[in-house]
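1. Show me the folded form of this:
(4 chains, ligands or ions: 6)
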Amino acid sequence: MSHSLEISLPGLNLKNPIMPASGCFGFGREFSQLYDLSELGAIMIKATTLEPRFGNPTPRVAETTAGMLNAIGLQNPGLDKVMSEELAWLEQYDVPVIANVAGSIEEDYIAVAKELSKAKNVHALELNISCPNVKTGGIAFGTIPEVAKDLTRKVKNVSEVPVYVKLSPNVTNIVEMAKAVEDGGADGLTMINTLVGMRIDINTGVPVIANKTGGLSGPAIKPVAIRMIHEVSQQVSIPIIGMGGVQSAEDVIEYYYAGASAVAVGTANFVDPFICPKIIKELPDLLNRLGFDHISECTGRSWKKHEQLVHHRA
Amino acid sequence: MSHSLEISLPGLNLKNPIMPASGCFGFGREFSQLYDLSELGAIMIKATTLEPRFGNPTPRVAETTAGMLNAIGLQNPGLDKVMSEELAWLEQYDVPVIANVAGSIEEDYIAVAKELSKAKNVHALELNISCPNVKTGGIAFGTIPEVAKDLTRKVKNVSEVPVYVKLSPNVTNIVEMAKAVEDGGADGLTMINTLVGMRIDINTGVPVIANKTGGLSGPAIKPVAIRMIHEVSQQVSIPIIGMGGVQSAEDVIEYYYAGASAVAVGTANFVDPFICPKIIKELPDLLNRLGFDHISECTGRSWKKHEQLVHHRA
Amino acid sequence: MIKQEMCEVISQSQIASHIYKLTLRGGLVHEMDEPGQFVHLKIAEQMDPILRRPISIAEIDHKHSEFTMIYRAEGKGTKLLANKKQGDVIDVLGPLGHGFPIAATEKGETALLVGGGIGVPPLFELSKQLVKKGVKVVHVLGFQASEAVFYEKEFTTLGTTYVATVDGSYGSKGFVTDIIGDNKLSFDVLYTCGPTPMLKALEQKYIDKEVYLSLEERMGCGIGACFACVCHTGDDPQGHSYKKVCSDGPVFRAGEVVL
Amino acid sequence: MIKQEMCEVISQSQIASHIYKLTLRGGLVHEMDEPGQFVHLKIAEQMDPILRRPISIAEIDHKHSEFTMIYRAEGKGTKLLANKKQGDVIDVLGPLGHGFPIAATEKGETALLVGGGIGVPPLFELSKQLVKKGVKVVHVLGFQASEAVFYEKEFTTLGTTYVATVDGSYGSKGFVTDIIGDNKLSFDVLYTCGPTPMLKALEQKYIDKEVYLSLEERMGCGIGACFACVCHTGDDPQGHSYKKVCSDGPVFRAGEVVL
Ligand SMILES: Cc1cc2nc3c(=O)[nH]c(=O)nc-3n(C[C@H](O)[C@H](O)[C@H](O)COP(=O)(O)OP(=O)(O)OC[C@H]3O[C@@H](n4cnc5c(N)ncnc54)[C@H](O)[C@@H]3O)c2cc1C
Ligand SMILES: Cc1cc2nc3c(=O)[nH]c(=O)nc-3n(C[C@H](O)[C@H](O)[C@H](O)COP(=O)(O)OP(=O)(O)OC[C@H]3O[C@@H](n4cnc5c(N)ncnc54)[C@H](O)[C@@H]3O)c2cc1C
Ligand SMILES: Cc1cc2nc3c(=O)[nH]c(=O)nc-3n(C[C@H](O)[C@H](O)[C@H](O)COP(=O)(O)O)c2cc1C
Ligand SMILES: Cc1cc2nc3c(=O)[nH]c(=O)nc-3n(C[C@H](O)[C@H](O)[C@H](O)COP(=O)(O)O)c2cc1C
Ligand code: FES
Ligand code: FES
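-> Ligands and ions are numbered 1, 2, ... in the order given. This next block holds a predicted model:
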């Protein structure tokens, strides 16, 4: 039972498959005041760019029904400080880091990826080709298959650790995008990033978010994420780290059934800052109740044929 | 004040801009037991196909957080019965009908559109190129600009009333789709249809909806709809009937500010069957509080330049 | 007529494992007549959970404008419902659908009422109305286990009542069909509500009898407008004719629709 | 230390138009020390509304493990909060952020406490702690109109209290800055909380004084992790250095950040 959560993915040998999603956990410092970060399967750190960025003007977040919009604008202290201060600080914890790589132009992505992949505790990169909140770059990388493939290949060439590509849900054909980055050499996928959304304040007449549009996250988008993972996981042979509205151990299983091999928790960290350790604690009992010995038995269960399924207690 | 809600759109002179969305109101019979249908601005009737359809197996709906999935599968009694029974029955009410036209192949769309547009009380057609729940047809029409344009033109050619095209949100570039159907001769747009989503039952391991995927509607998707209408309304010159998660008079104003010229209410009819008349009743006071003499002053307010805005009381 | 009303919680109590009894007061009680109808409850003001929940009417008290429901608190909505306290209000839409026909059984005849689990509640009002009419009622109630059993005493005051549990921890061990067979129960009309396998078994077994079944299906609107809850009709099982569980049902005559 | 706890509602009452006073009990009260800190409330179990709401701590009662908040019920979350009754529980995260420095004012000196509208509440605990230390406190409280005025009496028991309303329906007509000018109020340290235009006016007017301001910004996490609530620093107003209102603030020394 105690090993029922240990999983192994390219570059990642994790004590459990639960990790905070990028941008929802900073670099871990704040949450380290609340619980021991070593309890986590991994940490997806905030997007890192070559130069420091202040990001967008405020308001940067807005509540929506069962979700939220954000347009942080990739605020981060820049590659050098992330390496020397944040990653160095995180070394005190027994937890692998997945470093989220962002940029406006190809060269930036490559430079950041190359450098971050050298950090001792960075076990994988997450190539953020899907950030909806930066005007240049990001979005084209995330919506045009050829562009995504090309960038993936270039980043793979310089990276010393496996590369996961984070897919945007704001596309007509998610499978096409997934296959393109798989072709480009991606070791895994992370999905989904946020849906582009907007709220308008009826008293002022202007969008609530200063950047106008923002990325929609939270339980509101979970059905879209589940559908996309269900589609993609049947068409690619690289593993998927699923995310989008995960709030509970039950949600984790739903992601697994759809086709995920690990699960990230974003917005829910704001709702309940102890959510990750809570889910990790609840998972073994839930697995047991559902009749599984190991969580990896759950991957793709909603579409796998009977003969493809690993052992499952009656 | 009493005329503050009267609006005029291609084919539609409405006493108010509030109408039930297609598929969420049947052909009006059930709701007619609850209130006088003549109170409504218009009625968007359920999708009509050439032949009767039974639709998908059940379960056809599933609850999601602040939303729902549906995969009804275009169940309807077929063109002939819709003409002879449903539309004929609706004639007793003083309410224009917008008839939702669906099909699997081009010929079907054309045949249904031609016939429906002859009905006395059908003042406009809503070309449903975006239904996510039918395997054939629908989805390609809704995601490939050239295909959509072509179909729009052909339907326009046979229709005796203005044609509104219902856009799918499941595309990378909604503006491109909107411009294509405008080029094809569309008189207006209705948006958005549902996002494709899925839920998996963790006890059974299979999707909750028998059809596997379903269309996500309700407040969960409102930020996506607002964003898309905000984008599209700035790029086309035909009016937009907005929808997606509308629940209140405030939501109606938010849709107007984004760029809508009328608003449809879908899922909320299930939550509160009296929602349409309630919103119609509340709107005049809300407009007054916000300083407007007429609701049409609100269209596009979130992006229009000061000089483009019609009168607004301080 | 269907009404929407904020009804006041008169009382709520737990009567078995996960099973609650909830009594509400409101004017719409006066629209309720047929046993087997249901109401559609919006449990929270907020949009989570968003959909209404269909719950059968278990008892109607016109005099006090009160009605009672019995439900299982399992999912998101019913768990929230179980938190409601006296004085709280709940948004009720109803009464909805068509219930069990009292007229189908003549005075002096025998009606067999067969309930499974959370299908038992609507049979209580049915039984009361049948008894009032002078019909002899016999109840067969099936539950999972002893801790899930409820309302045995209440039913017993109206007529002979047999209880079965799947694990045999209370009453006789087995299914309701076993009881009917073992006790050679005879009847003029059978009324039943419960899980679909049970309904199917009864339908098959009493193919030449007058049997009324109450169905369950996932619902959207609850009033017949959304086509969420349709089923094929018995005379056209593959075609496009249909019935809606919410507005044509939930009670159908056996054979009328495909289970 | 930041804690998360289900706190019990001890009392709730309306004290002015749309303004509520809410007292909760919980162990995390013992983590509260600085006036001006806030808590982050998850108001409903469900995901609508989903985000926590930041509310200042208006009074701390270590002895009874109780603390009080005063808030305006306007939007979705605060309206639901106003429905909570004695005995209900609320999910509280806190205490959060850095409050007003008591140490900035010496015993015997004068502190001017200027509050605007819903910025008034945190000044109450501040005033109590300053008075306890032997600081002379003067309060200037601004409200929209007479029906929005609250806590005048409570502040008066601690020190001289001036009240202004924008429409002149109570106290003197005008803004808090008018009161300070008209009454030639002098002080050693100024502490203030209220709408940004008020804070800006005070910052500009008392540019060479020691002024502490409490800021408001839309928040995600409330603990410094999401970068929702950042502002530029005073010494690098266009650059990429920043402070987070939730964890570096909400109280800043005037000039420290760009308002
Ligand atoms: C006509 C009718 C009468 C009913 N009468 C009773 C009754 O008297 N007592 C009782 O305990 N239950 C009754 N049920 C079942 C009851 O509606 C479900 O148990 C309840 O909706 C589950 O809601 P939840 O919040 O617990 O579950 P969730 O899992 O949160 O529900 C999610 C969604 O699925 C729907 N759903 C889940 N289970 C069912 C089900 N079995 N049938 C229909 N929809 C379902 C819910 O309505 C909701 O839309 C009745 C159902 C129908 C159709
Ligand atoms: C540090 C701090 C202390 C505060 N202390 C108090 C207090 O003691 N009493 C009081 O009445 N109010 C206080 N506020 C303001 C209070 O947080 C908002 O009024 C409240 O969040 C609005 O929620 P709602 O549900 O009414 O509105 P909604 O419109 O439903 O809120 C939607 C979203 O916007 C956010 N939001 C709306 N208005 C504000 C605002 N003014 N500041 C920050 N976020 C906002 C909400 O938190 C929520 O995320 C404080 C704010 C901050 C940042
Ligand atoms: C405030 C905020 C900031 C985010 N920043 C990033 C980021 O820097 N890089 C990234 O790849 N994704 C970012 N995301 C997206 C999340 O990692 C995640 O993909 C998304 O929020 C869906 O998961 P959720 O619904 O659990 O939040 C951010 C999300 C939020 C809410
Ligand atoms: C049960 C259901 C059935 C629907 N059927 C149709 C349909 O037949 N034709 C169509 O164009 N849209 C259909 N829709 C989509 C709605 O018209 C609307 O575009 C969508 O639900 C978003 O609005 P809402 O969030 O207010 O529901 C349906 C939606 C629901 C929930
Ligand atoms: S639930 Fe909508 S038709 Fe039955
Ligand atoms: S609210 Fe998240 S950093 Fe301040």
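2. Now for residue A:86: which residues touch it?
-> Going by C-beta atoms under 8 Å, 6 or more residues apart in numbering or on different chains, residue A:86 touches A:27, A:29, A:45, A:77. All C-beta spots, glycine's among them, are computed from the backbone N, C-alpha and C.
3. and the third one, how far is that from residue D:239?
-> I take that to be residue A:45. 23 Å (C-beta to C-beta, to the nearest Å).
4. Tell me the residues on the stretch 151-259 of chain C that lie near ligand 4, please.
-> Neighbours of ligand 4 within the stretch 151-259 of chain C, by C-beta under 6 Å from any ligand atom: C:220, C:226.
5. Where do the strands of the stretch 151-259 of chain C begin and end?
-> Remark: strands assigned in the stretch 151-259 of chain C by DSSP state E, counting those that start in this stretch are C:160-165, C:172-173, C:189-193, C:210-214, C:230-232, C:242-244, C:251-253.
6. give the contact list for the residue of the stretch 201-314 of chain A found nearest ligand 2.
-> Scanning the stretch 201-314 of chain A for proximity to ligand 2 using C-beta to the nearest ligand atom identifies residue A:208 as nearest, at 7.9 Å. Contact partners of residue A:208, counting by C-beta under 8 Å, 6+ apart, are A:59, A:62, A:69, A:199-201.
7. Same question for residue C:74.
-> Going by C-beta under 8 Å, 6+ apart, residue C:74 touches residue C:18.
8. which SS class is it?
-> Secondary structure assignment for residue C:74 (DSSP: H, G, I helix; E, B strand; the rest coil): coil.
9. what's the spacing between it and residue B:3?
-> As for residue C:74, its distance to residue B:3 is 51 Å (criterion: C-beta to C-beta).
10. And the spatially closest residue to residue A:77 that is not a sequence neighbour, its phi and psi?
-> Spatially, and ignoring its direct neighbours in sequence, residue A:77 is nearest to residue A:52 (5.1 Å; C-beta to C-beta, 6 or more residues apart in numbering or on different chains). The phi/psi pair for residue A:52 (degrees, to the nearest 10) reads phi -60, psi 150.
11. can you list the weak-confidence ranges in chain A?
-> A:1-2, A:131-139, A:307, A:310-314 (pLDDT under 70).
12. what comes up buried for the lengthiest helix in it?
-> Assignment by DSSP state H gives helix A:275-290 as the longest helix of chain A. Residues A:275-280, A:283-284, A:286-287, A:290 are the ones in helix A:275-290 that count as buried (16 or more other C-beta atoms under 10 Å in any protein chain shown).
13. Nearest to ligand 6 among those?
-> residue A:275 (15.2 Å).
14. now the closest one, nearest residue through space, not along the chain?
-> In this structure, residue A:275 finds its nearest non-sequential neighbour in residue A:268, 4.7 Å apart by C-beta to C-beta, 6+ apart.
15. picking up where we left off before, want to throw the buried residues of helix A:275-290 into a markdown table with distance to ligand 6?
-> Shown next, in a markdown table, are the buried residues of helix A:275-290 (distance: C-beta to the nearest ligand atom, whole Å):
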| residue | distance to ligand 6 |
| --- | --- |
| A:275 | 15 |
| A:276 | 16 |
| A:277 | 19 |
| A:278 | 20 |
| A:279 | 21 |
| A:280 | 23 |
| A:283 | 27 |
| A:284 | 31 |
| A:286 | 30 |
| A:287 | 33 |
| A:290 | 35 |
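16. I'd like the residues you listed written out as TSV, with distance to residue A:128 added.
-> Supplementary listing: the buried residues of helix A:275-290 in TSV, determined by distance: C-beta to C-beta, whole Å:
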residue	distance to residue A:128
A:275	22
A:276	21
A:277	26
A:278	27
A:279	24
A:280	25
A:283	27
A:284	32
A:286	31
A:287	31
A:290	33
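17. Ligand 3: which of those residues is nearest?
-> Using C-beta to the nearest ligand atom, the shortest approach to ligand 3 within those belongs to residue A:275, at 9.7 Å.
18. contacting residues for that closest one?
-> By C-beta under 8 Å, 6+ apart, residue A:275 lies in contact with A:247, A:265, A:268-269.
19. repeat for residue C:193
-> Going by C-beta under 8 Å, 6+ apart, residue C:193 touches C:36, C:56, C:114-116, C:119-120, C:122-123, C:213-214.
20. Against residue A:41, how distant is it?
-> Computed as C-beta to C-beta, the residue C:193 to residue A:41 distance reads 47 Å.
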